[in-house]
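*Asks:* Fold the following for me, if possible:
(chains A, B, C and D)
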2 protein chains.
Amino acid sequence: MKPDVLRILQEHGIQPSAQRVAVAEYVLHTMEHPSADKVWAEVQENFPIISRATVYNTLNLFVEKGLLRALHLAPDSVLFDPNTDRHHHFIDERTGRIYDIPWNQVEVSHAKPLPGFEIQDYQVVMRGRRRHARR
Amino acid sequence: MKPDVLRILQEHGIQPSAQRVAVAEYVLHTMEHPSADKVWAEVQENFPIISRATVYNTLNLFVEKGLLRALHLAPDSVLFDPNTDRHHHFIDERTGRIYDIPWNQVEVSHAKPLPGFEIQDYQVVMRGRRRHARR
DNA sequence: AAAGGAAGTTAGACGATGTCCAAATCACAG
DNA sequence: CTGTGATTTGGACATCGTCTAACTTCCTTT
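*Replies:* The predicted structure is shown next:
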């Protein structure tokens, strides 16, 4: 697992360091969409001496290098998504939890973007709630 | 214009007050997607004695009552959208400015939401930049 | 091995956004 | 006028994220 992470970092042009490996180990192997402070908390379990600033620096570096994607979907904080394949998102309005939706599950025929602009990226953002009793 | 706003407030079950009318006057007639502090600044031009807390309270009330929609698209702050018709959004990555895209300009054939969930709302979020403008 | 410099890390200060609270004020029915 | 509930207010507070300046680590060169 460790050599794996090391290789990934190098492939993305990121100079490895103990802290960066520790962050990558967690964030690349989670299925969640953690916030920066969540990452900090998790990483500290295995790597007690890491500062908040480093976690923020590292996550931003990873985003810049294409290892992660930053999601600005919730009011509270920026979330990080280890899944860099194109995909859509479904947000549970009640819990705020975010789920990935496979790219091909939704079909978007996108007309021109906006006069004078070019699209770099797009996705469908869905919001909803658990269907259960009630109604 | 004022009677207009008054009527709109009442139609949405919002008890009018001087401050609420002042906020509504601005926020319902702008084409922008202002942040709460932007609203505060703008409203103060015409209504100098209004506190920040009231602006936040009022905007949240308007969202709750369906007069506005809250957009969580940017890292910095929540934006408010006076256009409550369904539409998509295009975000200029460079400036952070947000543009409305008419609903029918993009076609989405949305498969099922997510097992066990129901969709309340969805939209396409596009991000891009101005094409070959200087640099 | 030693020195020097670049890269990375750190703690804490800082600014911005948004919420909360208790007190003051307002609107209005009786 | 008086009491009651709704609204507003200022400021304290919490959180998120950035910044800075000092410190440490690592790597290169000798």
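*Asks:* make it CA atoms for all contacts and neighbour counts henceforth
*Replies:* Noted.
*Asks:* Check the burial of residue A:44 by counting its neighbours.
*Replies:* 16 (other Cα atoms under 10 Å in any protein chain shown).
*Asks:* contacts for the helix or strand hosting it?
*Replies:* In this structure, residue A:44 is located in helix A:36-46 according to DSSP states H and E. Counting by Cα atoms under 8 Å, 6 or more residues apart in numbering or on different chains, the neighbours of helix A:36-46 from elsewhere in the structure are A:22-23, A:26-27, A:50-52, A:55-56, A:59, A:78-80.
*Asks:* List the buried residues of that helix.
*Replies:* Residues of helix A:36-46 classed as buried by neighbour count (16 or more other Cα atoms under 10 Å in any protein chain shown): A:36, A:39-44.
*Asks:* residue boundaries of the strands in chain A?
*Replies:* Remark: strands assigned in chain A by DSSP state E are A:69-71, A:79-81, A:87-92, A:98-102, A:106-110, A:117-130.
*Asks:* which secondary structure elements does the longest one contact?
*Replies:* Yep, that's strand A:117-130 we're talking about. strand A:87-92, strand B:117-130 (3 or more Cα pairs under 8 Å, 6 or more residues apart in numbering or on different chains; DSSP states H and E).
*Asks:* What does the pLDDT read for the closest residue to residue A:15 other than its chain neighbours?
*Replies:* With Cα to Cα, 6 or more residues apart in numbering or on different chains as the criterion, residue A:15 has its nearest non-adjacent residue at 7.0 Å, and that residue is residue A:9. At residue A:9, the pLDDT value in this model is 96.
*Asks:* before we move on, the earlier item: dump the helix holding residue A:44 to PDB, restricted to CA.
*Replies:* Below are the C-alpha coordinates for helix A:36-46, written out as PDB (Å, rounded to 0.1, in the frame of the first residue of the first chain):
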ATOM      1  CA  ALA A  36      -9.800  19.200   5.400                       C
ATOM      2  CA  ASP A  37     -10.400  19.100   9.200                       C
ATOM      3  CA  LYS A  38     -11.700  15.600   8.900                       C
ATOM      4  CA  VAL A  39      -8.500  14.600   7.000                       C
ATOM      5  CA  TRP A  40      -6.500  16.200   9.800                       C
ATOM      6  CA  ALA A  41      -8.300  14.300  12.400                       C
ATOM      7  CA  GLU A  42      -8.000  11.000  10.600                       C
ATOM      8  CA  VAL A  43      -4.400  11.400   9.700                       C
ATOM      9  CA  GLN A  44      -3.500  12.200  13.300                       C
ATOM     10  CA  GLU A  45      -4.600   8.800  14.400                       C
ATOM     11  CA  ASN A  46      -1.600   7.300  12.600                       C
END
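*Asks:* Residues of chain A that sit close to DNA strand C?
*Replies:* If contacts are counted using Cα under 7 Å from any atom of the strand, the residues of chain A sitting beside DNA strand C are A:14-20, A:49-55, A:58, A:75.
*Asks:* List the ones among these that fall in helices.
*Replies:* For those, the ones inside helices are A:18-20, A:52-55, A:58, with DSSP state H as the criterion.
*Asks:* Going by neighbour count, which of the residues you listed are buried?
*Replies:* When neighbours are counted using 16+ other Cα under 10 Å, those contain these buried positions: A:19-20, A:55, A:58.
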